[in-house]
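Participant: Prediction below, plus the sequence it came from.
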Amino acid sequence: MYDAVIIGGGASGLAAAVKALKNGKKILVLEAEKRVGKKILLAGNGRCNLSNKHLSVDCYNTPSVAEFLKHSGEVYDFFEEIGLKTRTLDGRIYPYSESGKSVLNLLREAVGESNILTEQTVKEISAEEEGFSVNGIKTNNVILCTGSSATTGRDCADLYKKFGHTVQGPSPVLVPLTTSTEFIKGLSGIRAKVRLSVKTGEKNLFSECGEILFKDNGVSGILAMDASRFLDGNCFLEIDFLPDIAKEEVLRYVKRGKTEGLVQRMILLSVEKQSAFYGLPVEKVLKKFIIKNISPCNASQAQVMRGGLRLEEFDEKLQSKLKKGLYACGEVLNVDARCGGYNMHWAFLSGIIAGKSV
């Protein structure tokens, strides 16, 4: 009989395993893939953005996460515990090596290969007279750490439905945006530092400065991915190509015919096209370039899925309020955050909390 079977060998699952083992528990990690930690290797384009110095509940989709963020210091203690040296770049925390492989290797070493079984797809969890059965393996506790269907992952939140848990969503967030292409043809591959706003009518749902990347069918880049968290059915994008320049100064350059130094030539051509179409002055369109028909790309291109098990149905130790012995952590819970290490931080933090609680 195991003290805990951990379903999923990603960041949260491996963190939970390390903490449980440190407390002398007998555990087993079940991973559906051939190897654990596949998404750790993909995080931050391989650099593995682990966390962020500017943690705030406002960076997450639910205020319920606030109680857990109070324990964020345990994440940094955990990195030290497994021997992971970190560095901070513009507030983002990375492994000092800036390699996800380093993170995964240290986690695997801390867990031990004998405590991991791969190619183990779990289709059902059965409640026993004592504890649970997972793929025929007896255990006192189960920690569900299966993440979501984002990128190459799997959505396994339904495993807890039979125990009365609610599953919300899922829908892709932190994902590139598909848009109408009428005014962005020819811009594919061009990067621009802008203020990007998501609007419905005159209401701002999101507005921040950063870099976007135009694609054949829409807009990508970290700023666009952050914006994807705020979409609704009737929104559009508004782009200020000159966020640091007042409209009066923009007008002065336009009147002098010196717009070439303000934006790239292909962007200017798109601005002029929209200006002519709507009968608006170029200086106004440079500050308010409109793109309509906004929708997120599919889950295969998403970093995170919104939805999953309701966090409110779990206690401060991330144990189910409906069935004792069931725990959940990471992305399988309905917690998502903006780009910048916040989602990875939640994965480690929730894994640590659940792992030390079993």
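Facilitator: Received the coordinates, thanks.
Participant: Counting neighbours, what do you get for residue 95?
Facilitator: Residue 95 has 22 neighbouring residues, counting by other CB atoms under 10 Å. C-beta here means a position set from N, CA and C on the backbone, and glycine is covered the same way.
Participant: tell me the centre residue of the protein?
Facilitator: Centroid check for the chain by CA atoms, centre = their mean gives residue 304 as the closest residue, at 4.0 Å.
Participant: my guess is that residue contacts residue 147, does it?
Facilitator: No - counting by CB atoms under 8 Å, residue 304 does not reach residue 147; the two are 9.1 Å apart.
Participant: overlap in contacts of those two?
Facilitator: Here residue 304 and residue 147 have residue 331 as joint contacts, going by CB atoms under 8 Å, 6 or more residues apart in numbering.
Participant: mind listing the helices in the stretch 1-150 of the chain by residue range?
Facilitator: 11-22, 38-42, 66-69, 73-81, 100-111 (DSSP state H, counting those that start in this stretch).
Participant: tell me the most buried of the ones you listed?
Facilitator: Neighbour counts (mean count of other CB atoms under 10 Å) averaged over each of the helices of the stretch 1-150 of the chain peak at helix 11-22, with a mean of 27.
Participant: on contacts alone, who are the packing partners of it?
Facilitator: Here helix 11-22 touches strand 4-7, strand 27-30, helix 73-81, helix 100-111, helix 342-355, going by 3 or more CB pairs under 8 Å, 6 or more residues apart in numbering; DSSP states H and E.
Participant: which residues are contacting that helix?
Facilitator: 3-4, 6-7, 27, 29, 31, 36-37, 39-40, 43, 78, 81-82, 107-108, 110-112, 115, 143, 145-147, 327, 329-331, 344, 347-348, 350-352, 354-356, 358.
Participant: Need the three-state assignment for residue 253.
Facilitator: helix (DSSP: H, G, I helix; E, B strand; the rest coil).
Participant: Now tell me what touches the helix or strand bottoming out on mean pLDDT in the chain from outside.
Facilitator: In the chain, the helix or strand scored least confidently by mean pLDDT, DSSP states H and E is strand 167-173, which has a mean of 91. With contacts defined as CB under 8 Å, 6+ apart, strand 167-173 is touched by 148-150, 155, 157-158, 160-161, 228-229, 296-299, 301-310, 334, 336.
Participant: Quick check: residue 125 vs residue 16, distance?
Facilitator: 16 Å (CB to CB, to the nearest Å).
Participant: To clarify, my last question referred to residue 179.
Facilitator: 40 Å.
Participant: can you list the weak-confidence ranges in the chain?
Facilitator: Along the chain, no part satisfies pLDDT under 70.
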